[in-house]
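Novice: Sequence first, then the predicted structure, then my questions.
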Amino acid sequence: MIDILKDAISKIRTLITPPSYLSWQTCLLLSLFSWLMAAIAESSEAAPFTVVLLSTFSWLFLTIAIWWGLTENPVEIGYLSISPWITAAVMCVFLFRPWTTERLQLAMGCWPVVATILVAIPNFFNWGLDWKLPKPHIRQELIVLLLVNLLLSSWIMFYFRIQHWFDDYPSLMAENLDNSAFVYRFGNDSNGTSQADILLTSAAASLVKQLDNAPWPRVERWLLNLDNSISSVASGIILNTISERVFWSLDAPRPQSVSNGYQIKLRANWLGPTAKENGYYVEKVCTILPRPLKQRTGNEEQPTTSTPVAQVTCADETKEVERTVNAETGVPST
Amino acid sequence: MGELEPVFPFKAVIFQILFLLVAIALEAMVLRQKMRLGYRQSVRYAAAVNLLAVVVGWFAFLAIEPLIEPRLQAQVISYVLFDNLINNTLKPQMGWIILVAGLGAFFITLIIKLKGLELLMRAVGTWKLPAKPKDLSRQERYSRSRTGTTRYQEAASQFAIAVLQANALSFSAILLLLVLRSYILRSVA
């Protein structure tokens, strides 16, 4: 075990010991040195400028070291050298600092183009660093290389565009993507859920707010005028993303009588893209029952025979229903 | 943007590579016959112009997609993610929209390929078309009055016809593949 470790250390030592002053190992050591100095400056609370300067130099030397090292020892897959892409990746990390998703998008999109530029630059200069046009057949190769890398960029940006869709319309994540001719989902099942639960919970809360403890005749008028009533409930619903609001419409079928009250189904219709052939809706059942009014005037609470008030209770669970072609509600308009 | 989903456009990449290979092979064949180019050179030209066309197409899609009308955007999302068109108010017009978009794509691609191939041949230094003559020589004027065209026009129209044929052939082949795909998927389901 220790022998293997010693062997590895000696191998790394021979790898990073500069064979001459001008070599990529020198740059690597300079980078490590700058990084160490930056760390010391950071811990000793030096001026932020010093830390930024030292860490920038560290990155710069690391980029040069990797570029130089990979030019001397190219990494090849088959006949294709992938060294420019590795160097470009390091450069993009240095240039864009992709710690947020927006920056990651920019860095990934620019990565193939930066790689092309790295390949192209040596062809446009001779040893005296004078500008020259490369030979025609090299020009042609560079053009094709640039186009291939732009295509790679497009694919990467397309990936991010799809992520934007999932971001804007989170209910899409709950869908089955097997039919797609464009995308493939890794991982066995979707981790996203439809936003219907959030929508119906807020709709139910709005319903409770409007009807709970309301006098019973008003409740019956409310139910008679159901279409208008539901739109007032719909205006109060909350979703995780505003953009998805256009894909949901809330309605309710005619209430059913149960015992002495009513049962109403809040129905959230999904109008957006879906893998289900005729779309789907999600339902939540709410029961509205009359309750004798309790007067709180005195110490003793007496049920009176005056107008009862409504008591609204909504079920916690929701039910997703896939529409059939001849659904009783038909296809709602957008 | 929030968390990134493990949903990658790998199928799109595979289809694109397949269609590019088909288009390049067919167009190289046409260019080789019509423009009397070498085998290698015609493949290179075909590859370059087709790559240019798909890159321009992708950038156009990525630029236009966020700006289009929400109903059409919903149809695009539906087509990309679920391979179907959703039942919104735009559905009856989708046939026309796809037809117009396809025709537009064909002609824009043709222009891109014509200009792209000309620029590429100029860059490589194999552009053999004579420069557009300002003053026609006596002989040119004679040949124009005899045949109705100058040498420049003749060469330019031969070039354009070669690219048009190549483009039409590759579009037809890819359309055929797409129709076959939907036909096979429907017969399986």
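Specialist: Structure's in. What do you need?

Novice: Please enumerate the strands of chain B.
Specialist: Counting by DSSP state E, chain B has strands at residues B:7-8.

Novice: need the helices for it, in chain order.
Specialist: Secondary structure of chain B, counting by DSSP state H: helices at B:10-35, B:39-64, B:70-82, B:94-124, B:138-147, B:151-188.

Novice: Between these, which one is closest to residue A:125.
Specialist: Nearest to residue A:125, of all these, is helix B:94-124, at 18.5 Å by Cβ to Cβ. All C-beta spots, glycine's among them, are computed from the backbone N, C-alpha and C.

Novice: Against which helices or strands is the closest one packed?
Specialist: Applying 3 or more Cβ pairs under 8 Å, 6 or more residues apart in numbering or on different chains; DSSP states H and E, we find helix B:94-124 packed against helix A:136-168, helix B:39-64, helix B:151-188.

Novice: buried sites along the second one?
Specialist: Of the residues in helix B:39-64, B:41-56, B:58, B:62 count as buried by neighbour count, 16 or more other Cβ atoms under 10 Å in any protein chain shown.

Novice: Does chain A have contacts with that helix?
Specialist: Yes: using Cβ under 8 Å from any Cβ of the partner chain, we find that helix B:39-64 touches chain A at B:44, B:47, B:48, B:51, B:52, B:54, B:55, B:58, B:59, B:62.

Novice: Now do that helix, average pLDDT.
Specialist: On average, the pLDDT along helix B:39-64 is 94.

Novice: ok now do the residue nearest to residue A:165 when sequence neighbours are not counted, which residues does it touch?
Specialist: Excluding the flanking residues, the one nearest residue A:165 by Cβ to Cβ, 6 or more residues apart in numbering or on different chains is residue B:77, at 5.5 Å. Applying Cβ atoms under 8 Å, 6 or more residues apart in numbering or on different chains to residue B:77 gives the contacts A:165, A:169, A:172, A:272, A:273.

Novice: And stretch A:94-107, end to end?
Specialist: End-to-end distance for stretch A:94-107, by Cα to Cα, to the nearest Å: 10 Å.

Novice: Report the buried residues of it.
Specialist: Result for stretch A:94-107 [16+ other Cβ under 10 Å]: buried residues A:95, A:96, A:98, A:101, A:104, A:105, A:106, A:107.

Novice: How about stretch A:270-285?
Specialist: Using 16+ other Cβ under 10 Å as the burial criterion, the residues of stretch A:270-285 that qualify are A:270-275, A:279-285.

Novice: Which of those residues fall in strands?
Specialist: A:270, A:280, A:281, A:282, A:283, A:284, A:285.

Novice: Any figure for the gap between the fourth one and chain B?
Specialist: Distance from residue A:282 to chain B, counting by Cβ to the nearest Cβ, to the nearest Å: 17 Å.

Novice: re earlier: now render the contacts of residue B:77 as TSV, adding pLDDT.
Specialist: Shown next, in TSV, are these (pLDDT from 0 to 100):
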residue	pLDDT
A:165	91
A:169	88
A:172	86
A:272	86
A:273	89
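
Novice: Would you point out the most distant pair within these?
Specialist: Longest span within the contacts of residue B:77, Cβ to Cβ: A:165 and A:272, 10.3 Å.

Novice: so what sits against both of those two?
Specialist: A:172, B:77.

Novice: can you pull the pLDDT of residue A:142?
Specialist: For residue A:142, the model assigns a pLDDT of 90.

Novice: now the nearest residue to it once chain neighbours are set aside, what's its secondary structure?
Specialist: Residue nearest to residue A:142 in three dimensions, not counting chain neighbours: residue A:120, with 5.4 Å by Cβ to Cβ, 6+ apart. Of the three states, residue A:120 takes helix under DSSP: H, G, I helix; E, B strand; the rest coil.
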